[in-house]
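Student: mind looking at a prediction? Sequence and model below.
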Amino acid sequence: MLPSAKLAWNVTPRDLIWGGVSRAVRSPARLDREIVFPTEAPYVLAGGPDFRSEVANVVELGYRGQWTTATSWDATAFLHDYRRLRSLETDAFGVARIENRIRGQVRGIEASAQWQAARDWRLRGGLLLLSKRLRAVDGSNDAAGPAGLGNDPKYQWTLRSSHRIGSAGEIEAAVRRVGALPQPRVPAYTAVDFRAAWHVTPTLDLSVAVRNAFDPGHVEFRSDPYTTEIPRAFMLALRWQMP
């Protein structure tokens, strides 16, 4: 059993403050300890017989508020302290083994807000700021180092607008901005999506959508030597629910 504790306080009927602390442990898998390559000696990769559990200590502090009947928002600050993260170490004979020689912290802020601008119009937004500070320790010679443990943007935000048209129609527009990925390098991008839906009957819906409306394509992730580009896409959907 892993320890976890959370506490919440309604400062006012519309303001909530909460906090939490927890500890997460990833136990070694057979792949961590027993993987070898090739299948017979001499090995290039000789598993990780001494690999230990990876540990994360997590602290969170959040606020949720509803200042008016039309507006609400929440924000969470978090700190993850990682210890004994997996690394790939090479000995003097060129044999690689899986060990626990990376540690560090990931911290950030995640926030979202909602505004009912009019009876038939709703705006929603979200923001994520992320800072990773991982480092090799104990004489690690892992060539990839902390960069091999995730390729994440420092920020991303979204804004979504939903508008009802009468009792049967709905139009939705969304824009998202994602920061650059550090390694492998992927440029920042902005994407805009549109969707229109029509409730033909209580059990039948028709919708049309376009993804990446103003961009013929962009890269969201790269795994050398392969790069996948997300192209502009058009979709038509018909959904029927049995009564």
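Tutor: Yep, it's here. Since the structure is predicted, the reported quantities are computational estimates derived from the model, not experimental observations.
Student: what sits against the most centrally placed residue in the chain?
Tutor: Centroid check for the chain by CA atoms, centre = their mean gives residue 152 as the closest residue, at 8.2 Å. Going by CB atoms under 8 Å, 6 or more residues apart in numbering, residue 152 touches 130, 132, 181. Where you see a C-beta, it was placed from the backbone N, CA and C, and this is true even at glycine.
Student: from these, which land in helices?
Tutor: With helices taken from DSSP state H, there is no overlap with the contacts of residue 152.
Student: any figure for the gap between the residue nearest to the centre of the chain and residue 139?
Tutor: From residue 152 across to residue 139, the span is 26 Å (CB to CB, to the nearest Å).
Student: and residue 184, by the same measure?
Tutor: From residue 184 to residue 139 the distance is 26 Å (CB to CB).
Student: about what we covered before: pretty sure the residue nearest to the centre of the chain sits in a strand.
Tutor: No: counting by DSSP: H, G, I helix; E, B strand; the rest coil, residue 152 is not part of a strand but coil.
Student: okay, it and residue 204: tell me how far apart.
Tutor: Relative to residue 204, and taking CB to CB, residue 152 is found at 41 Å.
Student: and the pLDDT for residue 150?
Tutor: Predicted confidence (pLDDT) at residue 150: the value is 81.
Student: check residue 242 too.
Tutor: pLDDT, residue 242: 82.
Student: name the element it belongs to?
Tutor: Assessed by DSSP states H and E, residue 242 sits outside every helix and strand.
Student: wait, what's in contact with it?
Tutor: By CB under 8 Å, 6+ apart, the neighbours of residue 242 are residue 203.
Student: if I look at it, how far off is residue 204?
Tutor: For residue 242, the distance to residue 204 - CB to CB - is 11 Å.
Student: let me see the ranges of the helices in the chain.
Tutor: So, for the chain - with DSSP H - the helices run 30-34.
Student: need the longest strand for it.
Tutor: If you go by DSSP state E, the chain has its longest strand at strand 96-118.
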